[in-house]
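> this one's structure only:
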Ligand SMILES: Cc1ncc(COP(=O)(O)O)c(C=O)c1O
């Protein structure tokens, strides 16, 4: 049997790839096949199937990096074997992770960067879980010390938080206290948020870059209100900033914005290295202002990889190459490089917003001035909606998401474009041309089929 397989592989290896038996016969997709196949056959089979995936650079829905320099890619490929947890075997990878953390602490204006503590993660979602746990643990310790109940923790945030915070609350048994949005207000209202707080509030989440619209929540104002509340009540509620996108944008192109560790009650910050940190997925970061902000009993020490290793992460093993790629970007770009890149994206986003508005049927919700993101809705009385626009743009290859806003504003549907590095002005103009064609088509459909509108669900998902 083994001999037969070998012989077949040998004879197959001289055949042209697409005449090989393994590529002519159906392959078992849902159970392991009995036999091996040649590496080049497996490679081509999978590569071909993946051609059906979208083109990541045309995906204007994602916040995640879709372009990196060849040198960064080379470094990633060369370090794929490194396990970030194994600090004894890969001490330099561990050192590089620490350097990145110190750089971020400075970037986010920690009063004493050597007093901060943090770690890399798979992304902002894992970072959110860790930050949320630290808030819950600190609150519980305080309640125990005060001999008060600790069975009903809650977290205060806007309903526009990313799903990771809902996950955190469900997985860690914390009540979500969500402030609804209102027409014209698509982020957290600082004063109203305070009304949701009580002695069981483990923290407040402020978002530096809303996933829905791209606008920054007013972190400094939230902080001012929180400071008043904490002074009045003695609750000492911390503010966590979910800077998944903005943590890598604001320090470079909105330098005057005060949102970070300069604010007294900001105890922790998360950001995605794989968003505007400009690394391929997945790497994220979470940092606490001081070592006291991360309860010691959440950190485990293991000795079975040789040496004593503190670990605070949901996973144990994880690839180290993306942390190395983050360090590559930090070295390669520095402050000037990041500023140049994000400034360019920001200019493209602002340009796009102006041009989209000029097209006529749309109202801009966020015009690229915070995150380089444009979001808009269709004006009342138009014969098509954002879902139709999104669907038609797909025919040109563009992925522009359309979605409804959360509870309270579910009747409002919007489109969003995330401008990232390598989305040039030239590409923006191509997109605008296609948008113009699509609008014309959609408006013509209406004219040709005036009676269809009432019953048709053509434009509604
Ligand atoms: C504000 C915000 N927080 C958290 C996340 C989750 O980040 P990740 O995909 O890195 O887990 C996102 C993702 O878009 C986000 O926009």
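Good, I have the coordinates. Given the structure is predicted, the values throughout are model-derived calculations rather than measurements. Numbers count the residues shown, from 1 in each chain.
> contact partners for residue 148?
residue 199 (C-beta atoms under 8 Å, 6 or more residues apart in numbering). No exception for glycine: its C-beta is placed from N, CA and C like everyone else's.
> double-check that it belongs to a helix.
No. Counting by DSSP: H, G, I helix; E, B strand; the rest coil, residue 148 is not part of a helix but coil.
> okay, it: pLDDT?
We have a pLDDT of 97 for residue 148.
> quick one, grab the pLDDT at residue 5.
On the pLDDT scale, residue 5 gets 65.
> helix, strand or coil: sort out residue 329 for me.
Strictly by three-state DSSP, residue 329 counts as helix.
> ditto for the one 3 residues further on
Using three-state DSSP as the criterion, the local structure at residue 332 reads helix.
> got the contact list for it?
Counting by C-beta under 8 Å, 6+ apart, residue 332 has contacts 69, 71-72.
> what helix or strand is residue 206 on?
Secondary structure from DSSP states H and E places residue 206 in strand 201-207.
> same for the following helix or strand past that strand, what does it pack against?
Going down the chain from strand 201-207, the next helix or strand is helix 219-233, by DSSP H and E. Counting contacts by 3 or more C-beta pairs under 8 Å, 6 or more residues apart in numbering; DSSP states H and E, helix 219-233 packs against helix 190-196, strand 201-207, strand 239-242.
> residue 47 is nearest to which of the ones you listed?
strand 239-242 (36.6 Å; C-beta to C-beta).
> state the next helix or strand along the chain beyond the closest one.
Immediately after strand 239-242, counting by DSSP H and E, sits helix 250-253.
> that following helix packs against which elements?
Judged by 3+ C-beta pairs under 8 Å, 6+ apart, helix 250-253 is in contact with helix 321-358.
> is the ligand contacted by the helix it packs on?
No. Residues of helix 321-358 are not located near the ligand by C-beta under 6 Å from any ligand atom, the shortest gap being 11.5 Å.
> what residues does the stretch 101-250 of the chain have near the ligand?
Going by C-beta under 6 Å from any ligand atom, the residues of the stretch 101-250 of the chain near the ligand are 123-125, 162, 164, 207, 209, 211, 242, 244-245.
> on that earlier part again, between the strand holding residue 206 and helix 219-233, how many degrees?
Between strand 201-207 and helix 219-233, the angle comes out at 160 degrees (axes from the mean of the first three to the mean of the last three C-alpha atoms, to 10 degrees).
> quick check: neighbours of strand 201-207 in the sheet, parallel or antiparallel?
When pairing is defined by DSSP bridges, strand 201-207 lines up against strand 154-158 (parallel), strand 239-242 (parallel).
> which residues does it contact?
Residues outside strand 201-207 that contact it (C-beta under 8 Å, 6+ apart): 132, 135-136, 138-139, 153-158, 160-162, 165, 174, 177, 187-188, 193, 197, 216-219, 222-223, 226, 235, 237-242, 244, 246, 259, 267.
> about what we covered before: ok, and the most crowded of the contacts of residue 332?
Each of the contacts of residue 332 was scored by neighbours using other C-beta atoms under 10 Å; the highest score is residue 72's, at 21 neighbours.
> for the ligand, see how far away it is.
To the ligand, residue 72 is 18 Å away according to C-beta to the nearest ligand atom, to the nearest Å.
> so that residue touches residue 329, yeah?
Yes. In this structure, residue 72 is within contact of residue 329 by C-beta atoms under 8 Å, at 7.0 Å.
> now the strands: where do they sit in the stretch 251-400 of the chain?
For the stretch 251-400 of the chain, the strands defined by DSSP state E, counting those that start in this stretch cover 266-272, 284-288, 300-302, 309-311, 362-367, 373-378.
> is the ligand contacted by the fifth one?
No. On the criterion C-beta under 6 Å from any ligand atom, strand 362-367 is out of touch with the ligand, staying 13.4 Å away.
> reformat the contacts of residue 332 as JSON lines; add pLDDT.
Below are the contacts of residue 332 laid out as JSON lines (pLDDT from 0 to 100):
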{"residue": "69", "pLDDT": "97"}
{"residue": "71", "pLDDT": "98"}
{"residue": "72", "pLDDT": "98"}
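> which parts of the stretch 301-450 of the chain sit against the ligand?
Proximity of the stretch 301-450 of the chain to the ligand, by C-beta under 6 Å from any ligand atom, involves no residues.
> contacting residues around residue 189?
By C-beta under 8 Å, 6+ apart, the residues touching residue 189 are residue 179.
> how close does it get to residue 270?
Taking C-beta to C-beta, to the nearest Å as the measure, residue 189 falls 22 Å from residue 270.
> show me the chain divided up by domain.
Domains of the chain are assigned by automatic domain parsing as 2-53, 70-330, 343-453.
> residues near residue 347, how many?
Using other C-beta under 10 Å, residue 347 has 16 other residues around it.
> ok so, going back, I'd like the helices and strands packed on helix 219-233 as CSV, with mean pLDDT and mean neighbour count appended.
Formatted as CSV, the helices and strands packed on helix 219-233 follow (pLDDT from 0 to 100; neighbours: other C-beta atoms under 10 Å):
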stretch, mean pLDDT, mean neighbour count
helix 190-196, 98, 17
strand 201-207, 98, 27
strand 239-242, 98, 28
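> residue 63 - nearest residue in space that isn't next to it in sequence?
Sequence neighbours aside, residue 275 is the residue nearest to residue 63 in space, at 4.4 Å (criterion: C-beta to C-beta, 6 or more residues apart in numbering).
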